[in-house]
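Asks: Let's see this in three dimensions:
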Amino acid sequence: MGKAREEMALGQYIAGMGFFNVGLGLVHGMVHPLSAWYNIPHGVAYAPLLPTIMKYNKEFTREKYREIAKT
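Replies: Residues are numbered from 1 along each chain as shown. Just a heads-up that it's a prediction; the model follows:
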């Protein structure tokens, strides 16, 4: 069991480093409480929030994200 825990901890560390480097932003911050308070799966909670938040952020994001928000 010790080896599995060690590998899980390493996986969590690597994932955390990836999240830190990409700047997850507003939608990610809003999804965490929804998932916790209402027992909504993390990925499912993104669906209703993402379009609205993308529209809100489109003037402040890089050009490629502005193009995505137009659709």
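
Asks: mind checking how far the residue positioned nearest the centre of the chain is from Leu49?
Replies: The residue lying closest to the centre of the chain (Cα atoms, centre = their mean) is His28, at 3.9 Å. If you measure His28 against Leu49 using Cβ to Cβ, to the nearest Å, the figure is 10 Å. C-beta coordinates here come from the backbone N, C-alpha and C atoms, glycine included.

Asks: ditto for Leu10
Replies: 31 Å.

Asks: Any regions of this structure where pLDDT drops low?
Replies: Applying pLDDT under 70 to the chain flags residues 1, 18-24, 64-66, 69, 71.

Asks: how about the helices in it?
Replies: Per DSSP state H, the chain has helices spanning 2-22, 25-38, 42-57, 63-70. These are given in chain order.

Asks: chain center to the longest one, what's the gap?
Replies: Put plainly, it is helix 2-22. 16 Å (Cα atoms, centre = their mean, to the nearest Å).

Asks: how big is the angle separating it from helix 25-38?
Replies: 140 degrees (axes from the mean of the first three to the mean of the last three Cα atoms, to 10 degrees).

Asks: So what does Asn39 have for phi and psi?
Replies: phi 60, psi 40 (degrees, to the nearest 10).

Asks: Ser35: what's its closest spatial neighbour, skipping adjacent residues?
Replies: His42 (4.9 Å; Cβ to Cβ, 6 or more residues apart in numbering).

Asks: That neighbour contacts Val31, doesn't it?
Replies: Yes - if you go by Cβ atoms under 8 Å, His42 and Val31 touch, sitting 6.2 Å apart.

Asks: ok, those two, which is more surrounded?
Replies: The residue with more neighbours, out of His42 and Val31, is Val31; 22 against 12, by other Cβ atoms under 10 Å.
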